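Engineer: Fold the following.
(one chain, ligands or ions: 1)
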Amino acid sequence: MAKDVIIALDFPTREETLKFLDLFPADAKPFVKIGMELYYAEGPSIVREIKARGHRIFLDLKLHDIPNTVGRAMSVLSELDVDMTNLHAAGGSAMMQAALKGLTRSDGTKPLLIAVTQLTSTDAETLKNELLIETPMTETVLSYAENASKSGLDGVVCSPLEAAQIKERCGNGFFTVTPGVRFAGGDVGDQKRVMTPEKAGKSGCDYIVMGRPITQAADPVEAYRRACREFLG
Ligand code: C5P
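Structural biologist: The predicted structure is shown next:
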């Protein structure tokens with residue numbers, strides 16, 4: 001199974017994004033994540049441009065709507081030739097299956113499709129008092145992951161601390177993509193439950209997503225290389 005470090009391109013403009021990518025030598029093309037900020041600012045052209053530069057792309061737009069709408073939107077995203085994209089498992093099995101169908105290209109290939117279970121910003125209190133879900137957080141996350149797996153999805157976005165349990169429940173071939181990764185002794189920022197790349201590599205994470213520890217580093221290329229060394233071992 002492929003293991004890799006994905007850099008979160010959390011920049012507001014095309015210019016800042018390309019300036020960052022220009023730091024990397026021509027033979028090193030990191031897997032990158034384009035999220036809502038950059039996509040909504042620049043539109044699909046930024047995806048095409050970064051793809052044309054030779055990067056693999058995780059398009060992190062977290063779709064959540066009725067099955068027909070999500071299926072049709074996924075078919076548009078798959079034509080953008082992204083490598084990975086996602087949705088909210090809370091949309092239910094019918095939505096996830098429609099997404100998978102929409103994402104599958106006429107030649108049978110498709111980007112990896114992964115599900116967000118519960119956002120890490122949702123705490124136990126919000127789950128119970130606002131979402132009115134009485135089931136404890138861990139079981140909710142595991143159960144949503146199981147629904148995603150049964151719907152044919154490739155994996156989930158999760159905390160590095162949940163990766164091993166998800167593999168246990170859904171099988172080793174079910175991908176875990178984990179943000180919240182920080183270098184030992186580094187600035188944690190607003191992430192609460194963090195893990196080092198080395199520990200994430202030993203905890204069943206297939207892909208780690210790192211933003212600020214790489215994008216804000218004095219030497220981003222060296223920070224990326226360090227993340228790869230530590231995560232891939
Ligand atoms: O800068 P940092 O390493 O914290 O970036 C993590 C990236 O992963 C951000 O793009 C953030 O939006 C995303 N993410 C996250 N936690 C989640 C889901 C996505 O940090 N639960």
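Engineer: List the contacts of the residue of the chain found nearest the ligand.
Structural biologist: The ligand sits closest to G211 of the chain, with a gap of 2.6 Å, by Cβ to the nearest ligand atom. Every C-beta, even on glycine, is put in place using the N, C-alpha and C of the backbone. Residues in contact with G211 (Cβ atoms under 8 Å, 6 or more residues apart in numbering) are I7, A8, D10, K33, P179.
Engineer: So the first one sits against M210, correct?
Structural biologist: Yes. Applying Cβ atoms under 8 Å as the test, I7 and M210 come out as touching, 6.3 Å apart.
Engineer: Quick check: neighbours shared by these two?
Structural biologist: Contact criterion Cβ under 8 Å, 6+ apart; residues shared by I7 and M210: none found.
Engineer: which residue of the protein sits farthest from its center?
Structural biologist: Farthest-out residue of the chain from its mean C-alpha position, per Cα atoms, centre = their mean: N129, at 27.4 Å.
Engineer: Give the burial count for S143, as a bare number.
Structural biologist: Other residues within reach of S143 by the criterion other Cβ atoms under 10 Å amount to 14.
Engineer: Okay, it and P12: tell me how far apart.
Structural biologist: Distance from S143 to P12, counting by Cβ to Cβ, to the nearest Å: 36 Å.
Engineer: Strands of this structure, start to end?
Structural biologist: For the chain, applying DSSP state E gives strands covering 4-8, 31-35, 57-63, 84-88, 112-116, 155-157, 175-178, 207-210.
Engineer: Neighbouring strands - and their directions - for the third one?
Structural biologist: Paired neighbours of strand 57-63 in the sheet (DSSP bridges): strand 31-35 (parallel), strand 84-88 (parallel).
Engineer: Is it positioned near the ligand?
Structural biologist: No. Applying Cβ under 6 Å from any ligand atom, one finds strand 57-63 separated from the ligand by no less than 6.7 Å.
Engineer: Same check on the shortest one?
Structural biologist: Yes. Using Cβ under 6 Å from any ligand atom, strand 155-157 reaches the ligand at V157.
Engineer: With stretch 14-26 instead?
Structural biologist: No. Stretch 14-26 stays clear of the ligand (Cβ under 6 Å from any ligand atom), getting no nearer than 13.0 Å.
Engineer: and that stretch, which residues are buried?
Structural biologist: R14, T17, F20, L21, F24 (16 or more other Cβ atoms under 10 Å).
Engineer: what does it rub up against?
Structural biologist: By Cβ under 8 Å, 6+ apart, the list of residues contacting stretch 14-26 reads 9, 11, 30, 32, 38, 41-42, 46, 49-50, 53, 55, 215, 220-221, 224.
Engineer: Which single one of the residues you listed is nearest to L63?
Structural biologist: Nearest to L63 among the contacts of stretch 14-26: L38, at 16.6 Å, using Cβ to Cβ.
Engineer: Contacts only, for that closest one.
Structural biologist: Contact analysis of L38 by Cβ under 8 Å, 6+ apart lists L9, D10, F11, P12, T13, R14, T17, I46.
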